[in-house]
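J.: Here is my input, please return the structure:
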Amino acid sequence: MPYVIRGSDGKLTKASARFLAGGELLPHNSPEIIEFLKTRGQDPNVVDQALNELRRTDNEMARAIEDIIMVLLKKNVIKMTELPKPVQDRMSFRVKQRVLIQDIYDQASGRHVTG
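T.: Residues are numbered from 1 along each chain as shown. Predicted coordinates for the structure are as follows:
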């Protein structure tokens with residue numbers, strides 16, 4: 001959501017994806033934002049397309065960050081206990097799920113089959 005500044009007449013005078021002191025947040029699809037961009041020669045559809053691309057790649061980015069955290073943990077650059085508790089919990093849960101998945105594939109492939 002962009003930060004906006006209004007003039008004395010209440011109309012938008014500035015919009016930014018970055019924090020603006022004294023600004024208020026408006027949704028990207030706000031009619032005011034759309035009008036602001038159009039009247040200044042900008043295409044609001046470009047913002048929509050960029051937002052859609054960011055949403056589309058969220059899962060990939062989350063996995064990349066998870067992989068980076070795992071590398072840092074394995075190299076002892078950081079310790080699990082240095083991470084915030086909610087991150088520790090998420091990482092532990094995800095590691096368990098990945099181990100479960102690997103175990104199922106291993107068992108289906110004839111490795112570690114319990115009898």
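
J.: Now Ile33: closest residue in space, sequence neighbours ignored.
T.: The shortest distance from Ile33 to any non-neighbouring residue, by C-beta to C-beta, 6 or more residues apart in numbering, is to Leu26 (5.4 Å). For every residue, glycine as well, the C-beta is placed using N, CA and C.

J.: List the contacts of Tyr3.
T.: 15-20, 23-25 (C-beta atoms under 8 Å, 6 or more residues apart in numbering).

J.: let's see 6 Å
T.: Listed by C-beta atoms under 6 Å, 6 or more residues apart in numbering, the contact partners of Tyr3 are 16, 19-20, 23.

J.: List buried residues within those.
T.: Gly23 (16 or more other C-beta atoms under 10 Å).

J.: can you redo the contacts of Tyr3 as CSV with pLDDT?
T.: Shown next, in CSV, are the contacts of Tyr3 (pLDDT from 0 to 100):
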residue, pLDDT
Ser16, 96
Phe19, 96
Leu20, 94
Gly23, 95
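
J.: out of the contacts of Tyr3, who's nearest Arg6?
T.: Gly23 (8.8 Å; C-beta to C-beta).

J.: pretty sure the closest one contacts Ile5?
T.: Yes - with contact defined as C-beta atoms under 6 Å, Gly23 counts as touching Ile5 (5.3 Å).

J.: Which positions in the one helix or strand Asp106 maps to come out as buried?
T.: Using DSSP states H and E, Asp106 maps to helix 85-108. Across helix 85-108, burial judged by 16+ other C-beta under 10 Å covers Met91.

J.: Just the CA atoms of that helix, as CSV, please.
T.: The C-alpha coordinates for helix 85-108 follow below in CSV (Å, rounded to 0.1, in the frame of the first residue of the first chain):
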residue,chain,number,x,y,z
LYS,A,85,10.7,-17.8,18.7
PRO,A,86,8.0,-17.7,16.0
VAL,A,87,10.8,-18.2,13.3
GLN,A,88,12.3,-21.0,15.3
ASP,A,89,8.9,-22.7,15.5
ARG,A,90,8.2,-22.3,11.8
MET,A,91,11.6,-23.5,10.8
SER,A,92,11.3,-26.6,13.1
PHE,A,93,7.9,-27.4,11.7
ARG,A,94,9.1,-27.1,8.1
VAL,A,95,12.2,-29.2,8.8
LYS,A,96,9.9,-31.9,10.3
GLN,A,97,7.6,-31.8,7.2
ARG,A,98,10.5,-32.1,4.8
VAL,A,99,11.9,-35.0,6.8
LEU,A,100,8.5,-36.7,6.7
ILE,A,101,8.3,-36.2,2.9
GLN,A,102,11.8,-37.6,2.4
ASP,A,103,11.0,-40.6,4.6
ILE,A,104,8.0,-41.4,2.6
TYR,A,105,10.0,-41.3,-0.7
ASP,A,106,12.8,-43.4,0.9
GLN,A,107,10.3,-46.0,2.1
ALA,A,108,8.6,-46.1,-1.3
